[in-house]
Structure formats: C-alpha cells, structure tokens
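**Student:** coords below, sequence missing:
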C-alpha cells in the first residue's frame, strides 16, 4: 500500500508473438532526430540488444553522445564517418571529400548489417546524405533490401526520400515549433550537442 | 591521411559563452518523444551531467529504458510514479488514483529541482498528465517558474499546453507519418518499448 492506500502497480511485460525487425525513419526539421535514435539505442541496450551507430556527415563537432554511448559498454559501437555538414557555412571540406566519406559509411553499414552481430543499426543523418547526393538512392534502397528480418534499422536526418518513407514501417516527422537558437541562445551541452 | 588521401577531420568543441538551462518540450502524436528525452539523457551523461527522469503515468508496462539507464550508472536516476496510461482500454485504476500518483510526481519534481543535484530533469508524459487533468496548469507553471537557471528541463507527452509551449525555449512536435502498429505489427522491444 502506498500513502493513498492503493495497491501497488502490477508490471506487465509485452512480448510480441511475432518478432520483427523494424525500419524506422526519423525526419523533419525540428530538434530531436539523432536524439530519438540515441534513445532507441539506450532502450535497446536495456533489452540486452547490441546497437551499431554510424554517423554520416557529422564528426567535426564534439557531441556528448560520443562519450555517452561509452557508458553503455560493449553493447554499443559508434562510428563517426564524416567531416561535418556538407555545404554549411564554415565547413572547409570539398563535396568530393564528403561524398567519399559517405560512400565509406554505406560500405560500413552493409558490412555491419551482414555481420549478424547487431540487433539495431542506426544510420544517423543518412537522409541528408542522400538529399545532398553524397550517396545515391540505389545505395539506400540496397541497405533497406539487405536489412536482416529481425534487425531494427533506424534512418535519421531531414528530408527523407519519399521512397524510403514508403518502405519504412514507422516514420516520424519532427517539426520545429520553436528553437532556442532563434532567440540567439547558443547551443547548450546536453541538449543541443 | 585516409584512403582518399585527405587530411583527417579536425574536431572542434562548442562552448557557449553564456550557459543557460533550457526548457525543452517534445510533443505531438508520433513515435519518439520519450525516446528523444532518453537520448538527451544519454548525451548529457556524455558531458558528465546528472539527469533525473520522472515518468508520469507510465509504470505498468516494462520498458527497456528502465534497465538501459542503469547502464549509465549513478549519473541517472529514473522514477516511475504512475500506473499506466489513464483512460486507455485495459487500465484498471480509477482516475483518482492516477491523479494521486501524478500529484506525487509533481512534488517529487519540485523536490528534485530544488535539490541542486541535477543538471537535467526530464518529466516524461507530463503534458498528457496535464491534458488529462491529473495535474493542474498552475502546477506545471510552478515547475517552470522554479527551474534553476542552469538546469535543463525536458517535458514530454502529446498535447502540450499552449502556455507551456509559450514559456519553453525549444519545442518540437513529433508528427506520425506512419506507424507499424497500423499494419498490425505488434510493439517490438528496443523500438517501441
């Protein structure tokens, strides 16, 4: 009995009759796409699953998740394959170099998926990489086609391709209602990076 | 030099001139609100921050994050204060009991915020709790008013109140584009719970 005199809660455990690896797309222009994928990684680790995160394009700006995932131990592997956002102000690398890095990331993704070692593979910012033509639609379709049936595949980044959305099981669009940076508040550790 | 013969990436570290604790609201009907808050917790831990998560309403269905956050060690504390979603089919508890639990959760939130011990406090599903009148608008406004200036406060749940949105710094609405359950796919561990 708690202080209201009511009985304690009964905790149930869901267990799907049919296990299925889902393809999840998190797109849109609001805050919380990579963040959402990181939350799925944390949740999956709670189930004892193994998660491989491949970050496309990012890699030139320190992000708290690089150290955060280390706390999860060897259930999680995080690969930074890129050199920052292609085409944004201040990024000094030519598009050819961004493309070469993104091509490496695709190869790595296919290799990790084929290894059978991972219960969830997260391809962070792959949607942008496609939209910026650092990778080709055929490559993303190949990744979707190669997904092992029981492995969850998570694709993040703005401007997800309509065909990718068609092929996914669950798709969320994160819409910006407001963002602190529009009030000239600088990015803050823990929330923004 | 990597195999493309290009120089390795230079990693920069952002450091805001003015540190500020943000109020972040993650609302909407799509998948990825709690998940996004969990990702912020993981990211914050990477920065060495301490995170307190209070889950309103949930608590009757096992969720992977309950064990996932344990992997993050004593940087994170997670409190389950509820007895499942009030008003959904199959939930056996009367509204008065849900309200009593939610009232306890508000008191706990105020206590944790006042303790000075936490860099981030996540109030998971508090928006629903307000919308379902398990707590009152004045209580949420009191929480927002009591937020320490350097502490990040994250409020999740569908149907965020317009006044709460007005007072927040960053607000994302997660829109459902599609969801696996509409194809009769059962909730899957790691992704859905």
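**Tutor:** Good, I have the coordinates. Bear in mind that the values here come from a model prediction, so they are computed numbers and not experimental data.
**Student:** which residues sit in contact with the closest residue in space to residue A:64 that isn't next to it in sequence?
**Tutor:** Across the structure, with CB to CB, 6 or more residues apart in numbering or on different chains as the measure, the residue nearest residue A:64 apart from its sequence neighbours is residue B:46 (3.4 Å). C-beta coordinates here come from the backbone N, C-alpha and C atoms, glycine included. When contacts are counted by CB atoms under 8 Å, 6 or more residues apart in numbering or on different chains, residue B:46 is found next to A:63, A:64, A:65, A:66, A:67, A:68, A:69, A:70, A:71.
**Student:** buried ones from the residues you listed, can you make that a ChimeraX selection?
**Tutor:** Buried members of the contacts of residue B:46 can be picked out in ChimeraX with the line below, counting by 16 or more other CB atoms under 10 Å in any protein chain shown:
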select /A:63,64,65,66,67,68,69,71
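**Student:** so what's the residue count around residue A:190?
**Tutor:** 24 (other CB atoms under 10 Å in any protein chain shown).
**Student:** can you classify the nearest residue to it once chain neighbours are set aside as helix, strand or coil?
**Tutor:** Closest residue to residue A:190 in three dimensions, ignoring its sequence neighbours and counting by CB to CB, 6+ apart: residue B:44, at 3.6 Å. Per DSSP: H, G, I helix; E, B strand; the rest coil, the local secondary structure of residue B:44 is helix.
**Student:** report the contact partners of residue B:44.
**Tutor:** When the contact criterion is CB under 8 Å, 6+ apart, the partners of residue B:44 are A:64, A:68, A:189, A:190, A:191, B:51, B:119, B:120, B:152.
**Student:** try 10 Å this time
**Tutor:** A:64-65, A:68, A:189-191, B:50-51, B:72, B:75-76, B:118-120, B:122, B:152, B:154 (CB atoms under 10 Å, 6 or more residues apart in numbering or on different chains).
**Student:** do the same with residue A:18
**Tutor:** B:184, B:185, B:186, B:188.
**Student:** now, which of the residues you listed lie close to chain A?
**Tutor:** On the criterion CB under 10 Å from any CB of the partner chain, B:184, B:185, B:186, B:188 are the entries of these that sit beside chain A.
**Student:** give the helix, strand or coil label for the third one.
**Tutor:** Under the three-state scheme (three-state DSSP), residue B:186 adopts coil.
**Student:** how much space separates the residue lying closest to it once chain neighbours are set aside from residue B:189?
**Tutor:** Excluding the flanking residues, the one nearest residue B:186 by CB to CB, 6+ apart is residue A:16, at 3.8 Å. Residue A:16 is 8 Å from residue B:189, where distance means CB to CB, to the nearest Å.
**Student:** with residue A:15 instead?
**Tutor:** Separation of residue A:15 from residue B:189 (CB to CB): 8 Å.
**Student:** who has more neighbours, the two?
**Tutor:** Shown here are residue A:15 and residue B:189; by other CB under 10 Å, residue B:189 has more neighbours (22 against 10).
**Student:** which residue ranges form the strands in chain A?
**Tutor:** With strands called from DSSP state E, chain A shows them at A:23-27, A:51-55, A:76-80, A:120-124, A:152-156, A:170-178.
**Student:** right, so of the ones you listed, which gets closest to chain B?
**Tutor:** Relative to chain B, the nearest member of the strands of chain A by CB to the nearest CB is strand A:170-178, separated by 3.8 Å.
**Student:** could you pull out the buried residues of the closest one?
**Tutor:** Within strand A:170-178, the residues that count as buried by 16+ other CB under 10 Å are A:170, A:171, A:172, A:173, A:174, A:175, A:177, A:178.
**Student:** likewise stretch A:97-109?
**Tutor:** Neighbour-count burial for stretch A:97-109 [16+ other CB under 10 Å]: A:97, A:98, A:99, A:100, A:101, A:102, A:103, A:104, A:105, A:106, A:108, A:109.
**Student:** tell me the contacts of the last one?
**Tutor:** Taking CB under 10 Å, 6+ apart as the definition of contact, the neighbours of residue A:109 are A:52, A:54, A:56, A:79, A:81, A:121-123, A:126, A:135, A:139-140, A:142-143, A:146, A:153.
**Student:** that one and chain B: what is the separation?
**Tutor:** Here the distance between residue A:109 and chain B works out to 17 Å (CB to the nearest CB, to the nearest Å).
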